[in-house]
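My questions concern the predicted model and sequence given below.
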Amino acid sequence: MTYRGRLAPTPTGDMHLGHARTFHAAWRRAREAHGQIVLRIEDLDHLRCRPEYTTQMLADFAWLGLDWDEGPYYQSQRREVFLDAWRTLRDAGVIYPSTVSRKEVRDAAHAPHEDEEDADPIFPVALRTPPGAERAHDAPDGVTWRFRVPDGRAVTFTDVRCGARSFTAGVDFGDFVVWRRDGVPAYELAVVADDVAMGITEVVRGEDLLKSTARQLLVYEALGATPPRWCHEPLVRDADGRRLAKRHAPLSLQQLRAQGMSPAEVLGGGAA
């Protein structure tokens, strides 16, 4: 099988040192495998994604020497791909419409919180919509849609770098959002639907998304699709040990370039 990897930036801010090393790792693995690279702009967040960030990211890729074979594809232009995935999940009965607010979830008695990588607490089973409610909807818009996880099931996978991993549904993560109330597909659905449609065989990304892999494996299974291999790279952290975020302006590629650093120096700390 031909190796197919992808570069999938989200244009919500400037690319920083951590992004650069992760993208370089993805690019390097594809080129070493004599494979193909797809460029996909994950611009679904219409409130935070901006065209100028996309333009700057493309310039940053060129400066780093990272090329690609297909794309760029824009997720904002691929709604039908995501709707097809939503319909499959709806017909399989694994997703459900929910009008429960975030505040109601937070306030629910004994609702455990996931770790700092996840913004939301685990969705309480008692707040699930009864099975069958999904059949009344011909379209996803207007309500939040969640994936009903198989409580107690261990979702396991072997990561190229991190080795064997296991997360328990309903314990390590709960019912997760696949479609937002404002009509936008959520990350867990969009990234899987696109990776399936684009024939991606290996996903290289930061190790902060290890738990997200367990969620996505459930989506792959429900779609009847074969998941890719996974390679989660170590994160670049600041002096206080916190992982880099787009708010770390001094470590953005624009700032590092302005300081006279070369691409080799930016990437010299190793892939991350």
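Noted; the coordinates are in hand. Please read all numbers here as calculations on a predicted model, not as lab measurements.

Now for the residue positioned nearest the centre of the chain: which residues touch it?
Nearest residue to the geometric centre of the chain (Cα atoms, centre = their mean): residue 187, 5.3 Å. Contact analysis of residue 187 by Cβ atoms under 8 Å, 6 or more residues apart in numbering lists 42, 44, 212. Placement of C-beta: from N, CA and C, glycine included.

quick one: it and residue 252, what's the gap?
To residue 252, residue 187 is 23 Å away according to Cβ to Cβ, to the nearest Å.

now do residue 142
With distances taken as Cβ to Cβ, residue 142 is found 38 Å from residue 252.

Tell me which of these two has more neighbours.
Between residue 142 and residue 252, counted using other Cβ atoms under 10 Å, the more crowded position is residue 252 (22 against 12).

Surely that one and residue 14 touch.
Yes - using Cβ atoms under 8 Å, residue 252 makes contact with residue 14 at a distance of 4.0 Å.

that older thread, let me have the contacts of residue 187 in CSV, extended by neighbour count and distance to residue 231.
Output for those, formatted as CSV (neighbours: other Cβ atoms under 10 Å; distance: Cβ to Cβ, whole Å):
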residue, neighbour count, distance to residue 231
42, 19, 18
44, 21, 24
212, 19, 14
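
how about the helices in the stretch 101-250 of the chain?
Using DSSP state H, counting those that start in this stretch, the helices of the stretch 101-250 of the chain run over residues 102-107, 187-197, 210-223.

Please identify the buried residues of the second one?
The neighbour-count criterion (16 or more other Cβ atoms under 10 Å) identifies 187-196 as the buried residues of helix 187-197.

How about the longest one?
Of all the residues in helix 210-223, those buried under the rule 16+ other Cβ under 10 Å are 210-220, 222-223.

Show me the shaky parts of the protein.
Along the chain, segments meeting pLDDT under 70 span 109-120, 237-250, 269-272.

Show me the longest helix that occurs in it.
helix 17-32 (DSSP state H).

Pairing partners for the very next helix or strand once past it, with directions?
Sequence order places strand 36-41 as the next helix or strand after helix 17-32, per DSSP states H and E. Next to strand 36-41 in the sheet, as set by DSSP bridges, lie strand 4-7 (parallel), strand 70-74 (parallel).

quick one: strand 36-41 to helix 187-197, angle?
Here strand 36-41 points in a direction 140 degrees away from that of helix 187-197 (axes from the mean of the first three to the mean of the last three Cα atoms, to 10 degrees).

For the remainder of this discussion, apply numbering that starts at 20.
Done: numbering now begins at 20, and the last item shifts to strand 55-60.

Dump strand 55-60 to PDB, keeping only the CA atoms.
Listed next in PDB are the C-alpha coordinates belonging to strand 55-60 (Å, rounded to 0.1, in the frame of the first residue of the first chain):
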ATOM      1  CA  GLN A  55       2.600  11.000  -0.800                       C
ATOM      2  CA  ILE A  56       1.600  14.000   1.300                       C
ATOM      3  CA  VAL A  57      -1.800  15.700   1.300                       C
ATOM      4  CA  LEU A  58      -2.100  19.200   2.500                       C
ATOM      5  CA  ARG A  59      -5.400  19.900   4.300                       C
ATOM      6  CA  ILE A  60      -6.400  23.200   5.800                       C
END
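
after that strand, next one along is what?
Following strand 55-60 in sequence, per DSSP H and E, is helix 70-83.

list the buried ones in that next one?
Applying 16+ other Cβ under 10 Å to helix 70-83 flags 72-73, 75-76, 79-80, 82-83 as buried.

sorry, back to before: from the buried residues of helix 206-216, which is closest to residue 143?
residue 207 (19.0 Å; Cβ to Cβ).
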